[in-house]
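*Asks:* using only what follows, build the 3D model:
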Amino acid sequence: MSRPLRIEYNNAVYHITARGNEKKDIFLDERDFEKFLYYLDVVYERYNIIVYSFVLMNNHYHILLETPYANLSRMMRDLNGHYTIYFNKRHKRYGHLFQGRFKSILVDKDNYLLELSRYIHLNPVRACIITKPEDYDYSSMSYYIGKSKVPSWLDVDFVLEQFGNNFQEKRNAYRKFVYERSEGLDSPLRNIYAQCILGSEGFIRKIVDKYVRKKNISTHVPRSKKIRYCKDLNDIARVVTKYYGIDKRMLSKRKVRFNKGRKVFVYIARRFTDNNLKKIKSFFDNSITEVAVSKLFSRTQEELAQNTDLRKDVERIEKMLFDTV
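*Replies:* Below you'll find the predicted structure:
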């Protein structure tokens, strides 16, 4: 099985998710939820992590955390490993509890931590379990608004400090901030770079230059070639136009009714290269705005989740592009 790319360094912030094997439940009752939080406390003490927010759903969980020391993989191995042993023993089962390894997204703390905190706390609302996020027993929302006493392993201060000076005012302001997007919230994870980094153009460039390009990353890591070799926009255009049998000029045609080439080009260029919105816009001779590039990427990403044919096209084009390095 391919192993996901892990970028670890001191004071890195991550959005962590893990799902039940075959999408089965990993929490069956209150005791399971509480036991997982107990193990979260254990790894907090052992690895000196900082937990900013979390939500435990029936078949998956989200945790937003920081590692002052570069120990994410060891910490998560302990957390998921100990919980799996407990769960299997208690429920008289064997084998894997989680679906593969956990997923970690390296996060630009200054630009995305606050938005991700809201996204995590709204998980039970989006799942139609409750209507008020603070009413869900197994998330950090109730601690943020003062409904429950904050445990020692949870840091709510960093986020709340961004909402004023008075403690109660901070809590009220944060609650209002979360409720503002309780309906129709777009996932802040939609613009992840190379499936492992979420941040501004500057943050992505810094991480790639400092921690990725100079590393000898195994080619067995998904998309490691795409990060290490950073194809030129002309290379992408050449492969896309060859695949669809179209002229390069077609990529710049906005009013073409059926233009898979254009959306696939933008998707690959945005997701798997260092080219920012401005550079992609310039490739189209400025016939498209940076905002339009971003929206086209987001729409294509959403379509890929539903459109099997388009997904196969992207996979084949990626193979054509990166098998030549």
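
*Asks:* C-alpha coordinates for stretch 54-65, CSV please?
*Replies:* The C-alpha atoms that make up stretch 54-65 are tabulated as CSV, following Å, rounded to 0.1, in the frame of the first residue of the first chain:
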residue,chain,number,x,y,z
PHE,A,54,-11.3,18.1,18.0
VAL,A,55,-14.5,16.2,17.1
LEU,A,56,-15.1,12.5,17.5
MET,A,57,-17.8,11.2,15.1
ASN,A,58,-19.1,7.6,15.0
ASN,A,59,-16.8,6.4,12.3
HIS,A,60,-14.0,9.0,12.2
TYR,A,61,-12.4,11.9,14.0
HIS,A,62,-10.8,15.2,13.4
ILE,A,63,-8.0,16.7,15.5
LEU,A,64,-6.3,20.1,15.0
LEU,A,65,-2.9,20.0,16.8
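
*Asks:* renumber starting at 665 from here on
*Replies:* Sure thing, new numbering starts at 665, so read that last one as stretch 718-729.

*Asks:* mind listing what's buried along that stretch?
*Replies:* 718-722, 724-729 (16 or more other Cβ atoms under 10 Å). The C-beta positions use only the backbone N, C-alpha and C, and glycine is treated the same way.

*Asks:* which ones among these lie within strands?
*Replies:* In strands, judged by DSSP state E, the following of the buried residues of stretch 718-729 are found: 718-720, 724-729.

*Asks:* before we move on, the earlier item: which one of the buried residues of stretch 718-729 is nearest to Lys943?
*Replies:* Nearest to Lys943 among the buried residues of stretch 718-729, counting by Cβ to Cβ, is Leu728 at 30.4 Å.

*Asks:* all helices of the stretch 865-989 of the chain, in order?
*Replies:* Counting by DSSP state H, counting those that start in this stretch, the stretch 865-989 of the chain has these helices, from start to end: 865-871, 888-893, 897-908, 924-936, 941-947, 954-968, 972-986.

*Asks:* looking at these, which has the lowest confidence?
*Replies:* Of all those, mean pLDDT reaches its minimum on helix 888-893 (a mean of 47).
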